[in-house]
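Undergrad: A predicted structure for the sequence below; I have some questions about it.
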Amino acid sequence: MDSFRTPVARNHKRTPVSIDVMVNGVLNFVDGRITDLSEGGARIDGASMPARSRCEVHYAGEVTYAVVMWSEPDRMGVRFPYELTHGALFKALQTGRRAAGAEMPPVFLGQRAPVFGRRGLS
């Protein structure tokens with residue numbers, strides 16, 4: 001059996017960012033840095049929690065709920081059960097896209113959130 005997973009098509013474009021956050025797991029708070037972000041999820045470096053666990057991402061006095069989709073000792077990928085459509089992280093995403101010169105996609109309610117995957121998979 002092949003150990004590689006099939007790449008998953010994403011509904012949202014990842015945007016490279018550098019956002020310091022605090023991640024709250026069941027028992028602890030961990031400092032981390034979001035290094036890529038989309039409306040549906042994020043890669044957080046410096047923090048690691050078990051796959052399929054739930055956590056909170058704290059940024060600018062706001063909380064965004066997330067589910068850990070994959071985890072390595074020094075990073076993890078999370079999916080947001082509710083897409084970013086407003087708030088501090090969404091504003092940071094918009095700022096990152098403007099800085100990268102990317103076109104801002106429209107936000108549609110009811111879009112299915114992507115499975116946020118491993119690095120190297122687009």
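TA: Ah, there it is. Just so you know, these numbers come straight off a predicted model, no measurement behind them.
Undergrad: What distance do you get for Gly46 to Gly101?
TA: Separation of Gly46 from Gly101 (C-beta to C-beta, to the nearest Å): 27 Å. Where C-beta positions appear, they are placed from N, C-alpha and C, glycine not excepted.
Undergrad: If you count surrounding residues, which of those two has more?
TA: Gly46 (16 against 6; other C-beta atoms under 10 Å).
Undergrad: For the more buried one, which non-adjacent residue is closest in space?
TA: Taking C-beta to C-beta, 6 or more residues apart in numbering, and ignoring the residues beside it in sequence, Gly46 has Gly32 as its nearest neighbour in space, at 4.5 Å.
Undergrad: Name the helix or strand for that neighbour, please.
TA: Taking DSSP states H and E as the definition, Gly32 sits inside strand 29-37.
Undergrad: who's in contact with that strand?
TA: Outside strand 29-37, the residues within contact range by C-beta atoms under 8 Å, 6 or more residues apart in numbering are 14-23, 42-49, 57-59, 89, 92-93, 96.
Undergrad: quick one, helices of this structure?
TA: Counting by DSSP state H, the chain has these helices, from start to end: 88-100.
Undergrad: picking up where we left off before, for the residue nearest to Gly46, give the beta-bridge partners.
TA: Beta-bridge partners of Gly32, counted by DSSP bridges, are Val21.
Undergrad: Check the gap between the residue most central in space within the chain and Gly32 for me.
TA: Nearest to the centroid of the C-alpha atoms of the chain, with distances taken as C-alpha atoms, centre = their mean, sits Ala42, at 1.3 Å. In this view, Ala42 and Gly32 are 9 Å apart by C-beta to C-beta.
Undergrad: What of Met22?
TA: Distance, Met22 to Gly32, using C-beta to C-beta: 7 Å.
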